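# what's the 3D shape of this:
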Amino acid sequence: MAIETGLFRPPRPSPLPPIAALARTVWEGDGNLLSLLPAAAYRMKAGALGYSRRSIKLFNDPALVRQIMVDDGDFFPKSDLMVGALEPLIGDSIFVSDGPKWRRQRSMIDPAFSMMRLSLAFQSMTAAVNDYEARLSEMAARGEPMSLDLAMSHLTADVICRTVFSVSLQSDIARDVFEDFAIFERDVAQVKIWRLIVDPAWTAVRQTDAVLAACARIRKHLGTLIDTHLEDEDQRYNDIATAVIAARDAGTGEAFTREELIDQLGVFFLAGHETTASVLTWVFYILATQPAVLERIRAEVEKVAGDGEITFEATKKLIFIRSVFRETMRLYPPITFMPRVALKAGKVGDYAIRKGALIMIAPWTIHRHRDYWKDPDAFDPDRFMPNREHEVVPGAYIPFGLGPHTCVGAGFAAVESALIIAQFARRFDFEIEGGEKVRPAARLTTRPAEQIIARVRLHRASSFV
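Numbers count the residues shown, from 1 in each chain. Just a heads-up that it's a prediction; the model follows:
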């Protein structure tokens with residue numbers, strides 16, 4: 001039972017017994033796996049998740065999760081379902097690869113997201129945020145409603161375009177890539193519930209013609225953007241794509257091939273804009289309903305930056321904003337599930353695993369588990385402030401993964417989000433229309449089941465617009 005503390009509890013599915021949860025999911029008909037999770041999923045350390053032909057095991061215990069995710073023997077590669085869904089778009093890239101191939105890719109890509117590289121990318125990031133702030137100012141003046149989800153997706157996609165390729169989303173290629181990504185996300189995100197129950201492991205994932213066509217167009221456009229960098233004899237570019245192109249295998253000295261570059265940079269576009277957009281959608285929904293939190297943010301921005309520009313160094317000092325971001329990711333982890341598959345029969349702790357079992361690591365349930373979090377469904381950003389951060393159970397907070405598989409873009413997302421929250425909270429008030437209807441859903445990321453419609457109003461003028 002939730003502890004009544006007076007804290008805000010944002011929307012979540014009501015946990016039900018297994019059969020009732022399955023019936024609800026089938027009735028809703030939108031493939032939302034959050035609705036399928038039974039009440040026991042939020043209490044168990046580990047155990048079977050319903051009944052299926054291939055066996056689905058859910059692990060919440062941090063020690064067991066670490067055993068699975070920090071997998072030196074490569075016994076638990078990324079799930080065949082995830083690989084099959086994403087392969088037409090991002091090939092055998094870092095997001096879906098495992099073993100020696102993943103280790104090679106990761107060692108080559110890491111330098112592109114070093115703190116030094118982020119500081120260089122920050123100028124492009126700021127330009128995208130400033131441009132979108134101007135756009136929101138125009139919407140505020142007209143008083144027109146907008147989709148909060150789409151707004152955050154558009155902004156973060158522009159940030160990725162500028163920092164990775166040095167082009168604005170307004171360019172024809174970047175806009176086409178964004179629109180095709182929307183097709184891909186909408187279709188691929190529709191999980192076939194009966195497939196989880198009936199199909200054996202490693203059943204081929206069949207994509208629709210629309211998805212395959214969108215993937216082909218995206219890869220063609222990404223190739224065009226990469227070619228502008230490969231042919232850059234005058235060294236005009238100094239962005240993330242440039243850094244990835246320059247990367248070399250430590251053992252062989254070889255660079256990524258053109259197709260590998262398309263794979264890897266496709267990951268950056270997919271994960272780099274969609275995951276951050278997901279979290280920011282929830283952040284501004286929460287701030288619209290929690291004026292006291294918004295005022296604390298404004299006070300912090302005033303103290304750190306005043307009316308001036310928010311610099312790269314300033315983002316590191318926005319401690320409360322970073323706590324709001326982290327708490328929002330706890331309640332609405334951008335990657336809802338991190339599925340693995342068992343390559344052979346064995347054991348995880350005391351739990352027997354059969355070959356082909358779907359091993360479900362769910363930040364959603366770990367982050368809301370009553371054994372690891374006080375009042376787990378409440379929004380309490382202070383739990384991540386320095387004076388309380390010791391309360392966080394090691395391994396119970398994994399929005400970006402765990403161990404060597406921690407998301408390569410985690411630092412990028414933290415800086416970007418701090419900048420966006422600070423600038424927009426200082427400048428605008430967000431008002432939600434129909435907020436009582438908002439409910440989360442597990443798509444490619446943890447998104448609202450239906451778009452959140454908002455109006456933005458000017459809180460105060462800015463000298464930067």
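# run through the stretch 101-250 of the chain and note the low-pLDDT ranges.
Low-confidence regions of the stretch 101-250 of the chain, defined here as pLDDT under 70, cover residues 115-116, 188-198, 200-202.
# all helices of it, in order?
Under the criterion DSSP state H, counting those that start in this stretch, helices of the stretch 101-250 of the chain are mapped to 115-142, 148-160, 172-188, 193-198, 209-230, 240-246.
# of all those, which lies closest to Asp350?
Checking those against Asp350 by C-beta to C-beta gives helix 193-198 as the closest, at 24.8 Å. C-beta here means a position set from N, CA and C on the backbone, and glycine is covered the same way.
# contact partners for the closest residue to Ser171 other than its chain neighbours?
The spatially closest residue to Ser171, leaving aside those adjacent along the chain, is Cys161, at 7.5 Å (C-beta to C-beta, 6 or more residues apart in numbering). For Cys161, the contacting residues are 128, 167-169, 171, 174, 177, 269, taking C-beta atoms under 8 Å, 6 or more residues apart in numbering as the criterion.
# one more time with 10 Å
124, 128, 167-171, 173-175, 177-178, 225, 239, 269, 272-273 (C-beta atoms under 10 Å, 6 or more residues apart in numbering).
# can you tell me the element the most centrally placed residue in the chain falls in?
The residue lying closest to the centre of the chain (C-alpha atoms, centre = their mean) is Thr275, at 2.4 Å. Secondary structure assignment for Thr275, by DSSP states H and E: helix 258-289.
# gap between the helix or strand following that helix and the chain center?
Using DSSP H and E, the next helix or strand after helix 258-289 towards the C-terminus is helix 291-305. On the basis of C-alpha atoms, centre = their mean, to the nearest Å, helix 291-305 sits 25 Å off its chain's mean C-alpha point.
# and the angle for helix 291-305 with helix 258-289?
120 degrees (axes from the mean of the first three to the mean of the last three C-alpha atoms, to 10 degrees).
# for the residue nearest to the centre of the chain, give its distance to Met82.
Applying C-beta to C-beta, to the nearest Å, the value for Thr275 to Met82 is 14 Å.
# likewise Arg117?
The spacing between Arg117 and Met82, counted by C-beta to C-beta, is 28 Å.
# list the contacts for Val408?
Contacts of Val408 were listed using C-beta under 10 Å, 6+ apart, and they are 94-95, 105-106, 109-110, 112-113, 264, 267-268, 271-272, 400-401.
# make a PyMOL selection of the buried ones in those residues.
To isolate the buried members of these in PyMOL, using 16 or more other C-beta atoms under 10 Å:
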select buried, resi 94+95+105+109+112+113+264+267+268+271+272+400+401
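# closest to Ser153 out of the contacts of Val408?
Distances from Ser153 to the contacts of Val408, taken as C-beta to C-beta, are shortest for Gly272 (11.6 Å).
# find the nearest non-adjacent residue to Pro77, please.
With C-beta to C-beta, 6+ apart as the criterion, Pro77 has its nearest non-adjacent residue at 3.9 Å, and that residue is Asp98.
# list phi and psi for that neighbour.
phi -150, psi 170 (degrees, to the nearest 10).
# shouldn't it be in contact with Met82?
No - distance between Asp98 and Met82: 11.3 Å, which falls outside the contact criterion (C-beta atoms under 10 Å).
# joint contacts of those two?
Taking C-beta under 10 Å, 6+ apart as the contact rule, the neighbours common to Asp98 and Met82 are Arg340.
# isn't Gly434 up against Ile453?
Yes - under the criterion of C-beta under 10 Å, Gly434 is in contact with Ile453, at a separation of 6.5 Å.
# neighbour-wise, which of those two wins?
Ile453 (17 against 10; other C-beta atoms under 10 Å).
# list the residues that contact Glu295.
When the contact criterion is C-beta under 10 Å, 6+ apart, the partners of Glu295 are 287, 425.
# just Val244 next, same as before
Each residue near Val244 by C-beta under 10 Å, 6+ apart is listed here: 108-109, 111-113, 164, 226, 229, 255-256, 260-261, 264-265, 268.
# relative to Ile319, how far out is Ala442?
In this structure, Ala442 lies at 30 Å from Ile319, with C-beta to C-beta as the measure.
# so these two - more neighbours on which side?
When neighbours are counted by other C-beta under 10 Å, Ala442 comes out ahead of the other of Ala442 and Ile319, with 24 against 14.
# the more buried one bridge partners, please.
Thr446 (DSSP bridges).
# would you mind measuring from it to Arg12?
Computed with C-beta to C-beta, the distance linking Ala442 and Arg12 is 12 Å.
# can you list residues touching both of these two?
The overlap between the contact sets of Ala442 and Arg12 (C-beta under 10 Å, 6+ apart) consists of 34, 364.
# hmm, back to that, what's the closest of the helices of the stretch 101-250 of the chain to Ile297?
The closest of the helices of the stretch 101-250 of the chain to Ile297 is helix 115-142. By C-beta to C-beta, the value is 15.6 Å.
# quick one, that closest one and helix 148-160 angle?
Inter-element angle recorded for helix 115-142 and helix 148-160: 140 degrees (by the same axes, to 10 degrees).
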